[in-house]
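>>> Provide a 3D model corresponding to the input given below.
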Amino acid sequence: QVQLVESGGGLVQAGGSLRLSCAASGRTFSSYAMGWFRQAPGKEREFVAAVSLNGYRTYYADSVKGRFTISRDNAKNTVYLQMDSLKPEDTAVYYCAANFGAVQPVSRERLYNSWGQGTQVTVSS
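As a prediction, the model looks like this:
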């Protein structure tokens, strides 16, 4: 199994930026793809972004394309989510997740095997 710990959440004004980090341990980090999901109050969890195991390929939800950037540093066992031009509708708990069965980035939640505890992002208008 893999243990995932997110950090970097907080309160930011609309138009601002945040960078989330997710530190992984317990399994060779470069052997699996990673993703970010989010869950707003009263809504289902949704896909945000994913990155391949080597970091070369990425995939984004339409709602964040052009504003968010996912990346990973396999030497540090960490995946990042750079969030720019934040909007109030980006307010949610953000989760990182590991996909042991995929080389390429995927958006289907049920394909992810391990999840972090989440970090709160609040964007004020």
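
>>> so what's the residue sitting nearest the centre point of the chain up against?
What sits nearest the mean C-alpha location of the chain, by CA atoms, centre = their mean, is W36, with 2.3 Å. W36 is in contact with L20, C22, V48, A49, A50, I70, V79, L81, Y94, Y95, C96, A97, counting by CB atoms under 8 Å, 6 or more residues apart in numbering. From N, CA and C alone the C-beta is placed, and that goes for glycine too.

>>> what pairs with the fifth one across the strands?
Spelled out, that is A50. On the basis of DSSP bridges, A50 takes part in beta bridges with G35, Y59.

>>> tell me the confidence at the residue of the chain positioned farthest from its centre?
Here the centre of the chain is the reference, and by CA atoms, centre = their mean the most remote residue is S125, at 22.7 Å. Listed pLDDT for S125 reads 94.

>>> how about K76?
97.

>>> tell me the spacing between it and Q82.
15 Å (CB to CB, to the nearest Å).

>>> which of the two has more neighbours?
Using other CB atoms under 10 Å, the more surrounded residue of K76 and Q82 is Q82, with 15 against 12.

>>> mind listing the strands for the protein?
Per DSSP state E, the chain carries strands over the ranges 3-7, 10-13, 18-25, 33-39, 46-51, 58-60, 68-73, 78-83, 92-99, 114-115, 119-124.

>>> quick check: angle from the fifth one to strand 33-39?
Angular relation of strand 46-51 and strand 33-39 on a 0 to 180 degree scale: 160 degrees, by axes from the mean of the first three to the mean of the last three CA atoms, to 10 degrees.

>>> same thing with the third one?
Angle between the axes of strand 18-25 and strand 33-39 is 130 degrees (criterion: the same axes, to 10 degrees).

>>> also the last one?
Angle between the axes of strand 119-124 and strand 33-39 is 50 degrees (criterion: the same axes, to 10 degrees).

>>> just give the nearest non-adjacent residue to R38, would you?
Spatial nearest neighbour of R38, excluding adjacent residues (CB to CB, 6 or more residues apart in numbering): A92 at 3.8 Å.
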